[in-house]
Every structure is written in C-alpha cells, then in structure tokens.
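A.B. asks: no sequence on hand, only this structure:
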DNA sequence: CGGAAAAGTTAGACATGGCTTACAATCTTC
DNA sequence: GAAGATTGTAAGCCATGTCTAACTTTTCCG
C-alpha cells in the first residue's frame, strides 16, 4: 500500500475519483447536511449497497485523505473531501436544472440521468451548460411562452413509437 | 472464467450492453463503413486496447448474437448488432451536435464527452435533446448572431480561474 | 451491570474489463 | 513452398466494486 498512492498524495497529484467513489462522497455530504453524523448504514441505505461495500469505499476515501475515518469511529469529511463533494453536487445541480428547466424532462428522470452524467462531464462542459441554461432563461422574453413553444415543437415532431 | 468477459459465452443472454461492449460494437460499425472487412487489430487500434481485449469482447458479442464471429474468420455484424450499433451512433451524433453547435464546445472535446454519455443517456433524453437542438436552430432568426451573443455572454460571465 | 440488537468489519467469492506473455494461425515475399 | 512478419487466441494476472457469511464492537435497555 505504500507503493503508488502515498507518493501521489505527497507529490500533490490529484487522482480523479471513480464514479463509485464520487457517489459515496456525495452521499456522505448529503447525510451530513441532513443529520449531524454520518453512519456507514446511512450511506448503505442511500446508495442501496451493502455495509461491507461502504467499509471498502471508506477505506479508499480515507487513504485519499478525503474523509477522516477510523474503524468504529465517527466519519467526517476533510476540507478537500468537502470541496470535492461540493463540486460533484454543483455539477449535479447544473445538470438537473438543465434537464428539468430547459429540456423539460420529468424531475425523477432528470435526477437519474444527472446522477450518472455528473461523474463523466468535465468542469468546463458543466460550466458551459450552466451558462447556457442561464442564457436561455435570460434571453427569453417570456420563459413560460418559450416553454409552451418548445413543448408544442416536441409534440409536433414526436417520432412514431419505436 | 479467467477472462472476465467470457463468463456468459454459453448463455448468450440479451441484456443491456455495457459501455465497453457498446464501444466495441460502435467501433466495428465504423470500421465496416470505412473498409470492407473488420479486423480485430482495427478495433484494437481504434479503441486503444490490446488485441486480447478485443478477442474477449468479440466472444461476448458473439454470444449475444450481435456479431458473426468464428476464430480466425471474418467478422460481421448481425442484423440485431447493426441495429444496436446504429442506435448508439445516432445518440453519439445528437450529443456531438448539441455540444458543438449549441454549447459551442470544441469538436474534439465534444467528441470525447459524447463518447461517454452515449452509453448513459436513455433514448427519450437523447430524442428530447435532438428536438431541442433543432428547435434552437430553427427559432433563431440568425444563427450566427445567436452564436455571437451566447459567446459574448459566456465571456462576460466567465468564472475566475479556480 | 450484562446481554441482545444494531452497526461495523473482515474474509472470501464473483463479475467486469483491462493487461502481458506466449503460442498459433495466416499472410507476404522471395 | 518456406521464413519471417503480422494478426489472433489462450492463459493467467490485476484492479475495481459488488456481494454474503461470520465475527467484533458499540449501543441500548432492563
């Protein structure tokens, strides 16, 4: 274990998190917002994974210095961990808003897709999307009118069911 | 059992394809368009994976009846395989166009992101996005003017470098 | 205080999807 | 037609991330 990871940490390299680890981090951030302490069980429930899976993930996140973790002890996010969790969350929000408020997709569906894309879309893309959503809203004389028009357009151009 | 991809060879199940397998299928479709025959090497080059990885994937795709494959023989797509490849490709195209023509992102970057999201975004979302791109283009009196405005908006609202 | 329930961990298995190394088949070229 | 290059396959290893079963630690009460 002292091989690669430790060196990267010392040399300041920021290894990109896997989608899975990002999910764990994000889940912890949410739980902390809602309740005061994070329990492995909360994470397991939220992500629908087993408790052992949570333990594994926590060990990895701890090795990356994103959480403060000791067996059977309280879990907290480090500053870096919190920073990363916030970033993931902000991507999620931007995507969610684009899907619901611009593409006019049902919130639950938007939520599901945003959850997956947030791990893939890089910062620049999400930022551009954020600006685009704002641009669209600000430039529409009447947002409601705009929505109606787009909905109508969608109806008119709907493809026949596959 | 030793080759991770090889487990379901005998069962030939028709489940949803993994992102990885979709990539292989898509790559084969492209190579077939460009040249007449597909070689494992072409796929390996295109996807930047080793030749053995290609063999594994081909065995799985063959079990799923998406390709016609026999060791050392010519590879072709079955009708079902071609159908699936075309679907993936069409998603790719819609995403690519949205990123380049609406979000005004550099083509190479758009390409890279589209390659990943195409495996995640469901049909309905991509269809909605397709309609949105068209709607935007058709409703802009002057597409060039619109682009300029959006670019200006982006410049003005650019976040300070993190 | 002490024991049961709840929560957390360890150990070990499995699936996916990469890789290298080494061997086998095919193609090229003389 | 055979040697050497190219291409394809087989075997085995590694990493990630999931799981179950079994064990340990902590917590909660009576």
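C.D. replies: Received it, and whenever you're ready, just let me know what you need. The structure displayed is predicted, hence computed values, not measured ones.
A.B. asks: next, count neighbours for the residue of chain A found nearest DNA strand D.
C.D. replies: When distances are taken as CB to the nearest atom of the strand, chain A reaches nearest to DNA strand D at residue A:18, 2.7 Å away. Bear in mind the C-beta positions are built from the backbone N, C-alpha and C, glycine included. When neighbours are counted by other CB atoms under 10 Å in any protein chain shown, residue A:18 registers 12.
A.B. asks: chain neighbours aside, what residue packs nearest to it?
C.D. replies: residue A:119 (8.0 Å; CB to CB, 6 or more residues apart in numbering or on different chains).
A.B. asks: which residue comes closest to residue A:23 once chain neighbours are left out?
C.D. replies: Using CB to CB, 6+ apart, the closest residue to residue A:23 is residue A:47 (6.0 Å).
A.B. asks: contacts only, for the one you found.
C.D. replies: Applying CB atoms under 8 Å, 6 or more residues apart in numbering or on different chains to residue A:47 gives the contacts A:23, A:24, A:27, A:54.
A.B. asks: now residue A:24
C.D. replies: A:43, A:47, A:54, A:57, A:58, A:61.
A.B. asks: just the closest of those residues to residue B:100, please.
C.D. replies: residue A:47 (34.6 Å; CB to CB).
A.B. asks: now the element after whichever helix in chain A runs longest, going C-ward?
C.D. replies: When chain A is parsed with DSSP state H, its longest helix is helix A:79-97. The helix or strand immediately downstream of helix A:79-97 is helix A:107-117, counting by DSSP states H and E.
A.B. asks: for the helix or strand just after that following helix, buried residues please.
C.D. replies: Counting by DSSP H and E, the next helix or strand C-terminal to helix A:107-117 is helix A:123-139. Of all the residues in helix A:123-139, those buried under the rule 16 or more other CB atoms under 10 Å in any protein chain shown are A:125, A:126, A:127, A:128, A:129, A:130, A:131, A:132, A:133, A:135, A:136.
A.B. asks: count of neighbours near the closest residue to residue A:125 other than its chain neighbours?
C.D. replies: Leaving aside its sequence neighbours, residue A:125 sits nearest to residue B:113 (CB to CB, 6+ apart; 5.8 Å). Residue B:113 has 20 neighbours, counted by other CB under 10 Å.
A.B. asks: show me what contacts residue B:113?
C.D. replies: Residue B:113 neighbours (CB under 8 Å, 6+ apart): A:120, A:121, A:122, A:125, B:95, B:99, B:105.
A.B. asks: so among the residues you listed, where is pLDDT lowest?
C.D. replies: When the contacts of residue B:113 are compared by pLDDT, residue A:122 scores lowest at 92.
A.B. asks: and the gap between that one and residue B:105?
C.D. replies: 10 Å (CB to CB, to the nearest Å).
A.B. asks: now swap in residue A:95 and tell me
C.D. replies: Residue A:95 is 15 Å from residue B:105, by CB to CB.
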